[in-house]
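Undergrad: have a look at this prediction, sequence included:
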Amino acid sequence: MDAELVLYAAAIEYSNYHKAVIVSGDGDFYCLHDYLLKNKKLHKIIIPNRNSESSLLKRFQKYKVFLIRDKTKVEKKP
């Protein structure tokens, strides 16, 4: 699936969007982030879990957004 996302974002659908938002903290997408940045198409990298962010993403600090999960907002009240 990782390779498929890279292929679609960098080649197949590339001309169909202005900016990309990638939701992953996985270092497997470093090449995609780098490609989009060089081509001025990287908007944001949303990282769902601060604890699982790849060290490869340090270069993209100004693009990163961390989801902060507030369990009081999502848990069912008794």
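TA: On my side now, so go ahead. Residues are numbered from 1 along each chain as shown.

Undergrad: counting residues, which helix of the chain comes out longest?
TA: helix 30-38 (DSSP state H).

Undergrad: and that helix, how far out from the chain's middle?
TA: Helix 30-38 sits 11 Å away from the centroid of its parent chain (C-alpha atoms, centre = their mean, to the nearest Å).

Undergrad: what of stretch 19-29?
TA: That offset, for stretch 19-29, works out to 2 Å (C-alpha atoms, centre = their mean).

Undergrad: give me the mean pLDDT for that stretch.
TA: Averaged across stretch 19-29, pLDDT comes to 92.

Undergrad: give the buried residues for the helix or strand hosting residue 3.
TA: Using DSSP states H and E, residue 3 sits within helix 2-7. Neighbour counts over helix 2-7 (16 or more other C-beta atoms under 10 Å) mark no residue as buried. All C-beta spots, glycine's among them, are computed from the backbone N, C-alpha and C.

Undergrad: what's the end-to-end length of stretch 16-25?
TA: Criterion C-alpha to C-alpha, to the nearest Å; first-to-last residue distance in stretch 16-25 is 24 Å.

Undergrad: kindly report the same for stretch 3-14.
TA: 15 Å.

Undergrad: tell me the first helix or strand C-terminal of the longest helix of the chain.
TA: Downstream of helix 30-38 (by DSSP H and E), the next one is strand 42-47.

Undergrad: before we move on, back to that, distance from the chain centre to the helix holding residue 3, please.
TA: The answer for helix 2-7 is 13 Å, by C-alpha atoms, centre = their mean.

Undergrad: and what of stretch 39-52?
TA: So, by C-alpha atoms, centre = their mean, the centroid of stretch 39-52 is 3 Å from its chain's centroid.

Undergrad: kindly report the same for stretch 2-19.
TA: 13 Å.

Undergrad: ok, now stretch 46-61?
TA: 9 Å.

Undergrad: just to revisit the earlier point, contacts for the helix holding residue 3?
TA: 26, 28-29, 31-32 (C-beta atoms under 8 Å, 6 or more residues apart in numbering).
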